[in-house]
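Visitor: A structural model of the following input is requested.
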Amino acid sequence: MSDVFKDLMELEVVADGRFVAPPAPEEGQRTFGGQFLAHTLRAAQLTVDEGKFVHSTHSYFLRPGDVDAGTELVVEGIRDGRSFSTREVIAYQEGVERFRTIISFQILEAGLEWAPPTQFDVPGPETKLLSYNEFSESLAPSANGPWHGRQRPMDIRYINPPDLPEGTPITEPQLMWLRINERLDQDRRVHEAALAYLADATLIDHVLLPHGFRWQDERLDGASLDHSMWFHREPVADEWLLYEQRVENTSGARGLGSGRFFNRSGDLVATCVQEGLMRWDNEHL
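Guide: Here you go, the predicted structure:
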């Protein structure tokens, strides 16, 4: 089995709090947002005590990334307390700031646990489901060769793919199984970075569904704006997770999506929200 994700997370230490991350494993016009999320989290992890683990991230996509460029990661220590540590990480490519995040870590603590009961009556990932790669390629049948996203180290299987005809609003939650498609070490922090990598997958794509359109539409000028994530329980990112995604709102040329990760026992592992720009060429609508 390949080690694409492991290689992607191999950061070069160049100075105290400064790292260089490798370029994307794929082609394409822009760096996958999950790569920035994972790289900045991994860099921050390397600057905090090993007994502290991420519980939240709050990030901004400032400029498109270059898939062919390495990324310089600069970590600033904001605070180190007995229970919590906070880091700010800035990602640069070719000297230009592309992405910025604030990440908070906490020691493991026992406490009250509760989440609203949730039950999904869905087929398992072992059944014949449409992959995200197949779905993406179906939206661009004239593309020259396979979709570049096939090179990303993830496996996504749609439970209810949004394959209705254009112009048909889709408002139901989008459900999919996903995982990193290679075996990871048992290091919890590697799995946290892997989950951050997965969190960007398809989340912003769905903000157009209530309007009957798709993110891949050539009439759209779209981009991710910001992303926040909360880690509730230890993730195992190389095993199947159920990802439930909802569209919360669209207005002001922006769309807000939310996502929840569940393990196969039904436990809520993480929650995330992401907002994207959605400008349209109205002359052709």
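Visitor: where exactly do the helices run in the protein?
Guide: 4-8, 33-45, 132-138, 188-199 (DSSP state H).
Visitor: Looking at those helices, which one is packed in the most?
Guide: Of all these, helix 33-45 has the most neighbours on average by mean count of other C-beta atoms under 10 Å, namely a mean of 27. (C-beta placed from N, C-alpha, C; glycine too.)
Visitor: got the contact list for that one?
Guide: 8-9, 11, 19, 21, 24, 54, 57, 59, 61, 65, 71, 73, 75, 87, 89, 91, 98-99, 101, 103, 105, 152, 189, 192-194, 196-201, 224, 227, 229 (C-beta atoms under 8 Å, 6 or more residues apart in numbering).
Visitor: Can you select the buried ones from those in ChimeraX?
Guide: A single ChimeraX command selects the buried members of the contacts of helix 33-45 (16 or more other C-beta atoms under 10 Å):
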select :8,9,11,19,21,24,54,57,59,61,65,71,73,75,87,89,91,98,99,101,103,105,152,189,192,193,194,196,197,198,199,200,201,224,227,229
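Visitor: Just the contacts of helix 33-45: which are in strands?
Guide: Judged by DSSP state E, those include 19, 21, 54, 57, 59, 61, 71, 73, 75, 87, 89, 91, 98-99, 101, 103, 105, 224, 227, 229 as members of strands.
Visitor: so where is the stretch 101-250 of the chain shaky, pLDDT-wise?
Guide: In the predicted model, the stretch 101-250 of the chain carries pLDDT under 70 at residues 140-145, 147.
Visitor: same thing but at 90, please
Guide: Along the stretch 101-250 of the chain, the parts satisfying pLDDT under 90 run over 117-119, 130-151, 163-167, 204-205, 212-223.
Visitor: the strands in it, which residues?
Guide: Here the stretch 101-250 of the chain has its strands, by DSSP state E, counting those that start in this stretch, at 130-131, 154-158, 174-180, 220-231, 241-251.
Visitor: closest to Glu109 out of the ones you listed?
Guide: strand 220-231 (13.5 Å; C-beta to C-beta).
Visitor: Who are the packing partners of that closest one?
Guide: Counting by 3 or more C-beta pairs under 8 Å, 6 or more residues apart in numbering; DSSP states H and E, the packing neighbours recorded for strand 220-231 are helix 33-45, strand 52-61, helix 188-199, strand 268-280.
Visitor: Turn the ones you listed into a markdown table, columns for distance to Gly212.
Guide: Below are these laid out as a markdown table (distance: least, C-beta to C-beta, whole Å):
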| stretch | distance to Gly212 |
| --- | --- |
| helix 33-45 | 24 |
| strand 52-61 | 26 |
| helix 188-199 | 26 |
| strand 268-280 | 12 |
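Visitor: and of the ones you listed, who's closest to Ile170?
Guide: strand 268-280 (15.2 Å).
Visitor: Summarise which helices and strands that closest one is packed against.
Guide: Going by 3+ C-beta pairs under 8 Å, 6+ apart, strand 268-280 lies up against helix 188-199, strand 220-231, strand 241-251, strand 254-262.
Visitor: List the contacts of the residue lying closest to Glu72 once chain neighbours are set aside.
Guide: Ranked by C-beta to C-beta, 6 or more residues apart in numbering and with sequence neighbours excluded, the top spatial neighbour of Glu72 is Tyr92, at 4.3 Å. When contacts are counted by C-beta under 8 Å, 6+ apart, Tyr92 touches 71-74, 98.
Visitor: Pick the one among these closest to Asn133.
Guide: Thr71 (24.6 Å).
Visitor: you'd agree the closest one is up against Val14?
Guide: No. Thr71 lies out of contact with Val14 (C-beta atoms under 8 Å); the separation is 11.9 Å.
Visitor: Quick check: neighbours shared by the two?
Guide: Contact with both Thr71 and Val14 is made by residues Val20, according to C-beta under 8 Å, 6+ apart.
Visitor: Show me which parts of stretch 236-256 are buried, residue by residue.
Guide: So, applying 16+ other C-beta under 10 Å, buried residues of stretch 236-256: 236-238, 240-247, 250, 254-256.
Visitor: just the residues you listed now: which is nearest Val122?
Guide: Distances from Val122 to the buried residues of stretch 236-256, taken by C-beta to C-beta, are shortest for Leu242, at 7.3 Å.
Visitor: All good on my end, thank you.
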